[in-house]
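**Q** Here is my input; please provide its structure:
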Amino acid sequence: MGEIIIMTSLHFNPPVIGHRGACAYAPENTMSSFIKAAQLNVKWVEFDVMSSSDGVPIIFHDETLNRTTNGQGEVSHASYAYLQTLDAGKWFNYIFSDERIPTLMTVISFLQEAKIAANIEIKSTPEQEEKLIQRVMTEMKPYLAKANDQFLFSSFSITALHTLRKLSPDCHIGLLLHEWHPDWKHICHSLNCVSVHVNEEIMTETMAHEMKAMNKKLLCYTVNDAKRAKELFAWGVDAVFSDVPDKII
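**A** Residues are numbered from 1 along each chain as shown. This next block holds a predicted model:
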């Protein structure tokens, strides 16, 4: 059986994806950050999905609560009921006091109303990974059936991406590369990725041309300098992730 090619009409206009919302202006991965992205007329946002100890998909980046909440300890060990008691905004600025950690469905519901597409990055401990992805795909199923091209799933975990592909043969998958993986081309083909998301610090014009020749969408993170963004676009990069999307727009 030959490789099944997923045709995608993913479109990035303007060519910028709000990183964790618009996290230079509001606490990352919170509703305030996503609302700010909408106010900046961003059409795509990126955020991280993790799991509470009792299996609820939440929007959070770090493995521990310490940096961006008034809680302590590992996220994976905390129940959803406990996570909802935490302040996820005051660390950024006191005006965001009482900001809460949102659930995946809360964010998706808002983005649908705001007509904003989403890059959903899977972040999980290995022992929770499969259950998290199963829960995420169950919750996302009606949205994917209605508007598949509004959602792009990504992860640094190759295991997570294979689980995604097994559960959803048609979903859009992007491979995240912080450093050059020796088998990245093979991984892209085996997962039927539609995009590659590359650390902008390792991106070169030669590699950009090579990726575009593979007919993949090429995204770079995290770009907060307009001059660098312009250079990347000239190389064929389709979009950049940015904490300051308005400066790139």
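**Q** what residues does the host helix or strand of residue 81 touch?
**A** Element membership of residue 81, judged by DSSP states H and E, is helix 80-83. For helix 80-83, the external contacting residues (Cβ atoms under 8 Å, 6 or more residues apart in numbering) are 52-54, 56, 58, 65, 71, 75, 101, 103. Quick note: C-beta positions are derived from backbone N, CA and C, even for glycine.
**Q** and if you look at stretch 20-35?
**A** By Cβ under 8 Å, 6+ apart, stretch 20-35 touches 18-19, 36-37, 40, 42, 45-48, 59-61, 68, 88-89, 91-93, 96, 99-102, 106-107, 110-111, 114, 116, 224, 243-246.
**Q** Give the buried residues for stretch 53-70.
**A** For stretch 53-70, the neighbour count (16 or more other Cβ atoms under 10 Å) marks 53, 56-62, 64-65, 68-69 as buried.
**Q** Show me where this structure dips below the pLDDT cut-off.
**A** 1-8 (pLDDT under 70).
**Q** show me where it has strands.
**A** In the chain, the segments counted as strands under DSSP state E are 16-19, 44-51, 57-59, 117-122, 151-155, 173-177, 195-199, 217-221, 239-242.
**Q** The last one: partners in the sheet, and parallel or antiparallel?
**A** According to DSSP bridges, strand 239-242 forms sheet pairs with strand 16-19 (parallel), strand 217-221 (parallel).
**Q** Out of these, which is the most enclosed?
**A** Ranked by mean neighbour count, the strands paired with strand 239-242 are led by strand 16-19 with a mean of 28 (mean count of other Cβ atoms under 10 Å).
**Q** just how off-centre is that one within its chain?
**A** Chain-centre distance of strand 16-19: 9 Å, with Cα atoms, centre = their mean, to the nearest Å.
**Q** Now do that strand: everything it contacts.
**A** So strand 16-19 is contacted by 28, 33-34, 37, 40, 42, 44-46, 119, 219, 221-222, 229, 239-243, 245, 248-249 (Cβ under 8 Å, 6+ apart).
**Q** and the contacts of stretch 20-35, which are buried?
**A** Applying 16+ other Cβ under 10 Å to these, the neighbour count classes 18-19, 36-37, 40, 42, 45-48, 59-61, 68, 88-89, 91-92, 96, 99-102, 107, 111, 116, 224, 243-246 as buried.
**Q** I appreciate the help and will end here.
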